[in-house]
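S.K.: fold the following for me, if possible:
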Amino acid sequence: MPCFYRTKIMSKVSKNKKKQAFQKGAGKKLERFEIIHQHSAGIDVGSMLMVVCYTDGDGTIRLQEFNSFTTSLYLLAELLQQAGVEKVAMEATGDYWKALYGILESCGMEMVLVNPHHYKNVAAQKTDINDAQWLHQLLAHGLLRNSHIASELHRELRGYLHERDIYKQQKSDTLNRIQKILTMMNIKFQHLISDIEGVAGMKLLRAISYGISDPEQLLNSINFKNLKADPDELLSSLQGDYQQRYINILSQSLKTYDFLKEQMLVYETYIEQTLKKLLTLEQDEIASIGKKTSHVRKNQYRFNLNGYLTAIFGTDLSQVEGLDEINLLTILAVTGTDMKKWPTAGHFISWLNLSPRPKISGGKIIGYERRISNNPATQAFRMAANSLWQSKGPIGQQYRRLAATKGSAKAIKAVARKIAVIFYNMVLKKEAYDATKIQPNIELQTAKKIARLQKEAAKYGLIIQKAA
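M.R.: Okay, the predicted model is just below:
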């Protein structure tokens, strides 16, 4: 039989599953769509215009337009309250929805934020009125899926983290410009020390910005005995073209660096204050958490971040391979601590876009849907997985095994999914991390390897025997 006539024979298990699916769907009566949310509204959000479609107390559908000024948004909220609206749906359009979302949420209404890709308008001319009516109709019939929006405190924390990350990136760009200035001056000490942002590096930069150009004087301004670089090489590297224009540019760049670092410290204060609001401990316990005993490294927080996270989550998640306090803080700001929003761990990893989504046609899997996510929590889990290439723990072993057979991209996604499942269960159950639960069965893996080698040897007429 030609190869293109061959068909893949489905197993008995898959046939039984398919049969059960057909039996489950057959025999039911076609039900009409009922009104589930009688007192509801749909809002088309724009930069300067808000169109609301709602059902009033008499059951009549009303349409009204408002501009996006704050006074008008409060009038819109008052109108919906008077009409008895309990549930409101709106589309996630840029950042325009956030102000109205917060106002309606503070008025006690249940908010449904809809992903624009999850619903389509009817085949008609696209207008703001049609969009608002369509959102209202879908919400009334219960056909909209709500996006996960964290609580107000978690949104506040996320905003502070976002701003701090911006300043951190700008600080990194400023350091790159400083290194470019040193290259133009033909100064090479930045290639001999491990970190230009360290104590020795910053002392040399500030001394140069003050107008010191003598290499010996510059070398004596630092404790070069603690550096691995050779003193003679350091002395030679400090000889350069000390023109005044370069020194002026370096001085201004250092002022920019100091400003950005100061802004990062200010946002660290805001972040710590928000974390205190998320705690329910006494003041003396909070004060003991905030103390940090270890040395503060570059870009790390100056307070005991892991202590706050352990108290908020109810368990020490930093014990999980790959998860550090920076990743956990990002995840906290996005997901919160209420894991009951996702019924199972499968729902949680699906929301993170870490679960496989097969495309089935003709009863066969023809591929997998590739989804791109900008979710900061997803990126944090993927970064945690990517950091395990040298880990000696069980998750690190799994990462290297998958990377060797399926490639690093698939390994990162699979291991990120595993870490997310561990995170979900630990936060939900408030249990400590137990590495023995995920420890691989070494004997089973060895038996599989031996069986595979024996099967491969049998192809060549060889027999593998155990040594005596």
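S.K.: stretch 335-350: which residues count as buried?
M.R.: In terms of neighbour count (16 or more other Cβ atoms under 10 Å), stretch 335-350 has its buried residues at Thr335, Gly336, Thr337, Met339, Trp342, Ala345, Phe348, Ile349. Placement of C-beta: from N, CA and C, glycine included.
S.K.: so the second one sits against Ser151, correct?
M.R.: Yes - because the distance of 6.1 Å satisfies Cβ atoms under 8 Å, Gly336 is recorded as touching Ser151.
S.K.: tell me, how many residues neighbour Ala451?
M.R.: Ala451 sits with 10 neighbouring residues when counted by other Cβ atoms under 10 Å.
S.K.: gap between it and Ala457?
M.R.: 11 Å (Cβ to Cβ, to the nearest Å).
S.K.: same check on Gln244?
M.R.: 76 Å.
S.K.: distance of the residue nearest to Tyr246 when sequence neighbours are not counted from Gln179?
M.R.: Excluding the flanking residues, the one nearest Tyr246 by Cβ to Cβ, 6 or more residues apart in numbering is Met185, at 4.9 Å. Distance of Met185 to Gln179, given as Cβ to Cβ: 11 Å.
S.K.: what's the answer for Leu100, then?
M.R.: 46 Å.
S.K.: have a look at the two and say which one is more surrounded.
M.R.: Ranked by neighbour count (other Cβ under 10 Å), Leu100 and Gln179 place Leu100 first, with 24 against 14.
S.K.: ok, the more buried one - contacts?
M.R.: Shown in contact with Leu100 (Cβ atoms under 8 Å, 6 or more residues apart in numbering): Ile43, Val45, Met50, Ser68, Leu73, Leu76, Met90.
S.K.: give me that answer again for 7 Å
M.R.: Listed by Cβ atoms under 7 Å, 6 or more residues apart in numbering, the contact partners of Leu100 are Val45, Met50, Leu73, Met90.
S.K.: pLDDT wise, what is it at?
M.R.: With respect to pLDDT, Leu100 scores 94.
S.K.: Val52 against Gln64, yeah?
M.R.: Yes - look at Val52 against Gln64 with Cβ atoms under 7 Å: they come within range, at 5.5 Å.
S.K.: the two: who's more crowded?
M.R.: Between Val52 and Gln64, Val52 has the larger neighbour count (other Cβ under 10 Å), namely 25 against 14.
S.K.: show the pLDDT at the more buried one.
M.R.: pLDDT for Val52: 95.
S.K.: which element is it on?
M.R.: strand 49-55 (DSSP states H and E).
S.K.: and the helix or strand just after that strand with strand 49-55, angle?
M.R.: Later in the chain than strand 49-55, the nearest helix or strand by DSSP H and E is strand 61-67. Angle of strand 61-67 versus strand 49-55, following axes from the mean of the first three to the mean of the last three Cα atoms, to 10 degrees, is 160 degrees.
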